[in-house]
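Chemist: whatever this is, show me its structure:
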Amino acid sequence: MSIYDNAGVALIPSGTKASKLYSVLPANGDGDFNATRGSTATRVNKDGFIESVATNVPRLDYPLIDGVVQDCPALLLEPSRTNLITYSEDFTQWTNTGSETTDTADAAISPDGSLNATKLQEANSSFGYHRLSKSITASAATNYALSIFAKKGTQKYVQLLLLNTGDSFTASKVFDLENGTLGETITNGTATLTDAKIEDFGNGWYRCTIIAQLSTAPNTFRINLANAATGNTTSLGMVQYTGNSSGNIFIWGAQLEQANYATSYIPTTSSTVTRSADVCNGAGTSAEFNDSEGVLFLETAILANDGTFKFVSLSDGTLNNTVWIYYRSDTNQINFRVLSGGSSSFDEIYTINDSTLISKLCLKYKENDFSAWVNGFEVLTDTSGSTFSSGTLTTLEFNRQDDAYFFYGKTKQLMTFKTALTDSELETLTSWDSFNAMAKGQLYTIE
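Modeler: Residues are numbered from 1 along each chain as shown. Sure, this is the predicted structure:
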């Protein structure tokens with residue numbers, strides 16, 4: 001007998017249509033989720049390319065490890081975001097100050113699989129700058145996430161900058177497009193760069209991202225060619241070197257978000273574009289859940305430790321009777337909680353190493369027998385507390401069941417069980433079959 005024989009709802013993301021996310025169990029469709037998103041959005045498809053998904057269609061996003069697309073997708077749920085950059089792919093609409101670069105459209109296959117990437121080539125500039133700029137309208141001196149997809153050409157370094165040209169405040173980072181590594185951080189004036197990362201999107205493409213803040217609202221997004229990862233000569237935060245008109249890279253998909261982390265690509269043309277938030281809820285009926293005992297299991301990761309709560313809930317549709325696993329606003333803390341009749345039966349917090357990496361989490365509930373498991377280990381227990389009366393639990397949702405504290409992250413499994421599984425079964429459920437499976441599940445590079 002398999003432990004999965006006792007599953008009530010089993011979501012292993014594989015099937016979608018407009019407004020619907022299909023669960024594997026139960027077979028009658030009662031475990032399917034209602035899905036909404038008031039706009040199109042993008043994902044990485046099974047071939048490793050970025051593609052647009054229609055309004056209200058849930059996104060099954062395929063992870064990349066070292067640029068190689070993996071077999072099993074995850075459900076991608078994101079908050080609403082706006083790309084403040086116009087003409088995110090048409091760099092002929094950007095400012096080429098003093099003809100410092102030559103920009104050739106449709107020069108390479110981009111991360112969406114089309115021949116629409118731009119070659120950015122240095123000029124033999126006596127000023128030493130090789131930049132391309134886009135004016136932005138920003139209203140606040142707060143965190144902004146800048147990103148660009150870039151690929152090595154005859155040159156292998158690029159600098160990404162956020163600046164206010166009037167006040168000469170600049171925050172920037174240099175990226176190595178050959179080795180996929182971070183280079184020098186350069187700031188000028190009152191500016192900070194709080195984070196940066198480079199992600200391998202395959203075929204030589206990297207998504208380069210910085211999180212930056214100026215003391216005044218920024219007004220310019222800039223891409224600048226560089227000739228070294230560190231030790232650069234700079235002026236006003238920009239890398240300077242004398243070009244010979246031969247160094248080039250390829251670019252595509254610029255994005256600027258007023259936020260402290262970057263989300264999936266939002267293409268724009270002549271105006272800014274807002275992607276609506278993903279909402280996924282309403283799975284199950286009382287027939288799928290056991291009120292006296294059971295298990296809530298997740299294989300998931302959040303997008304960022306951004307100071308917000310992110311809930312997955314099994315409940316009666318109110319705050320009085322709930323089984324919750326939720327990521328707290330505190331960095332890397334997970335709360336396992338059961339409320340019965342409005343009173344806490346189990347309420348414990350566990351800190352993991354990194355909430356943005358996939359973890360296997362489960363909460364077992366049974367009269368006077370509660371426990372939480374994380375990645376194969378029992379981490380929290382309680383031997384006192386009540387559960388629920390018959391017919392109480394009715395719905396499974398990616399929020400706190402009151403349309404608050406929505407879950408934003410990537411989910412590979414979400415399951416409920418009608419019995420309180422044994423310790424051996426819970427260990428099996430939350431473990432990986434092998435080191436290789438664990439490494440792939442948590443998107444580690446295997447060397």
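
Chemist: so for stretch 58-78, mean pLDDT?
Modeler: The average pLDDT within stretch 58-78 is 95.

Chemist: now do the same end-to-end measure for that stretch.
Modeler: Here the two ends of stretch 58-78 are set 11 Å apart, with distance taken as C-alpha to C-alpha, to the nearest Å.

Chemist: may I have the strands that pair with the top strand by length along the chain, each with its orientation?
Modeler: Identified as the longest strand of the chain according to DSSP state E is strand 191-202. According to DSSP bridges, strand 191-202 forms sheet pairs with strand 205-214 (antiparallel).

Chemist: dump the partner strand to PDB, restricted to CA.
Modeler: Provided in PDB are the C-alpha atoms of strand 205-214 (Å, rounded to 0.1, in the frame of the first residue of the first chain):
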ATOM      1  CA  TRP A 205      22.200  34.100 -22.300                       C
ATOM      2  CA  TYR A 206      22.200  35.500 -18.800                       C
ATOM      3  CA  ARG A 207      19.700  37.500 -16.900                       C
ATOM      4  CA  CYS A 208      21.600  40.200 -15.100                       C
ATOM      5  CA  THR A 209      19.800  41.900 -12.200                       C
ATOM      6  CA  ILE A 210      20.600  44.600  -9.700                       C
ATOM      7  CA  ILE A 211      18.600  45.900  -6.700                       C
ATOM      8  CA  ALA A 212      19.400  49.500  -6.200                       C
ATOM      9  CA  GLN A 213      18.300  52.700  -4.400                       C
ATOM     10  CA  LEU A 214      19.200  56.300  -4.800                       C
END
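
Chemist: buried ones in it?
Modeler: 205, 206, 207, 208, 209, 210, 211, 212, 213, 214 (16 or more other C-beta atoms under 10 Å). Glycine gets a C-beta too; all of them are placed from N, C-alpha and C.

Chemist: which one is the fifth one nearest to, not counting chain neighbours?
Modeler: Among residues not flanking residue 209 along the chain, residue 147 sits closest, at 4.3 Å (C-beta to C-beta, 6 or more residues apart in numbering).

Chemist: hmm, residue 311 is touching residue 403, no?
Modeler: No - Residue 311 is not in contact with residue 403 according to C-beta atoms under 8 Å; the separation is 10.7 Å.

Chemist: just the buried positions in the longest strand of the chain, please.
Modeler: Buried residues in strand 191-202 (16+ other C-beta under 10 Å): 191, 193, 196, 197, 198, 200, 201, 202.

Chemist: all strands for the stretch 251-400 of the chain, in order.
Modeler: Per DSSP state E, counting those that start in this stretch, the stretch 251-400 of the chain carries strands over the ranges 273-275, 279-281, 293-302, 310-315, 322-327, 333-340, 343-351, 359-366, 370-374, 377-382, 395-397.

Chemist: send me whatever helix or strand comes next after the last one as CSV with only the CA atoms.
Modeler: In other words, strand 395-397. Sequence-wise, the next helix or strand downstream of strand 395-397 (DSSP states H and E) is strand 409-417. Extracted C-alpha coordinates of strand 409-417, given in CSV (Å, rounded to 0.1, in the frame of the first residue of the first chain):
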residue,chain,number,x,y,z
GLY,A,409,6.5,31.4,-5.2
LYS,A,410,7.1,28.2,-7.1
THR,A,411,5.3,25.0,-6.1
LYS,A,412,6.2,21.6,-7.3
GLN,A,413,3.7,19.7,-5.1
LEU,A,414,0.8,20.5,-2.8
MET,A,415,-1.0,17.5,-1.2
THR,A,416,-3.4,16.7,1.6
PHE,A,417,-3.8,13.3,3.3
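
Chemist: now strand 409-417: mean pLDDT?
Modeler: In the prediction, strand 409-417 has an average pLDDT of 98.

Chemist: so that strand versus strand 359-366, what angle?
Modeler: 30 degrees (axes from the mean of the first three to the mean of the last three C-alpha atoms, to 10 degrees).

Chemist: packing partners for strand 409-417?
Modeler: strand 7-11, strand 74-77, strand 293-302, strand 310-315 (3 or more C-beta pairs under 8 Å, 6 or more residues apart in numbering; DSSP states H and E).

Chemist: specify the angle between the longest one and strand 359-366 in degrees.
Modeler: By that I understand strand 293-302. Going by the same axes, to 10 degrees, strand 293-302 makes 160 degrees with strand 359-366.

Chemist: give the rounded mean pLDDT of strand 293-302.
Modeler: Here the average pLDDT along strand 293-302 is 98.

Chemist: again with the first one
Modeler: Along strand 7-11, the predicted confidence averages to a pLDDT of 95.

Chemist: report the angle between it and strand 409-417.
Modeler: Using the same axes, to 10 degrees, strand 7-11 lies at 160 degrees relative to strand 409-417.

Chemist: and the next helix or strand past strand 7-11?
Modeler: By DSSP H and E, the next helix or strand past strand 7-11 is strand 16-17.

Chemist: what does that following strand rub up against?
Modeler: Identification of contacts with strand 16-17 by C-beta atoms under 8 Å, 6 or more residues apart in numbering yields 22, 35, 57, 58, 60.

Chemist: returning to what we had before: which single one of the buried residues of strand 205-214 is nearest to residue 166?
Modeler: Residue 166 lies nearest to residue 214 out of those, by C-beta to C-beta, at 10.9 Å.

Chemist: so what pairs up with the residue lying closest to that closest one once chain neighbours are set aside in the strands?
Modeler: Distances taken as C-beta to C-beta, 6+ apart put residue 169 closest to residue 214, at 4.3 Å, once the chain neighbours are dropped. Legend: beta-bridge partners of residue 169 under DSSP bridges are residue 164.

Chemist: for the residue nearest to residue 195 when sequence neighbours are not counted, give me its contacts.
Modeler: Once flanking residues are discounted, residue 195 sits nearest to residue 211: 4.1 Å by C-beta to C-beta, 6+ apart. Contact partners of residue 211, counting by C-beta under 8 Å, 6+ apart, are 143, 144, 145, 146, 193, 194, 195, 196, 260, 261, 262.

Chemist: can you redo those as a markdown table with distance to residue 116 and pLDDT?
Modeler: Putting the contacts of residue 211 into a markdown table (distance: C-beta to C-beta, whole Å; pLDDT from 0 to 100) gives the following:
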| residue | distance to residue 116 | pLDDT |
| --- | --- | --- |
| 143 | 30 | 94 |
| 144 | 25 | 95 |
| 145 | 23 | 97 |
| 146 | 21 | 97 |
| 193 | 30 | 94 |
| 194 | 32 | 93 |
| 195 | 29 | 96 |
| 196 | 26 | 97 |
| 260 | 30 | 94 |
| 261 | 26 | 97 |
| 262 | 21 | 98 |
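
Chemist: one step back: contacts only, for the residue nearest to residue 214.
Modeler: Contacts of residue 169 by C-beta under 8 Å, 6+ apart are 163, 188, 189, 190, 191, 214, 215, 216, 218.
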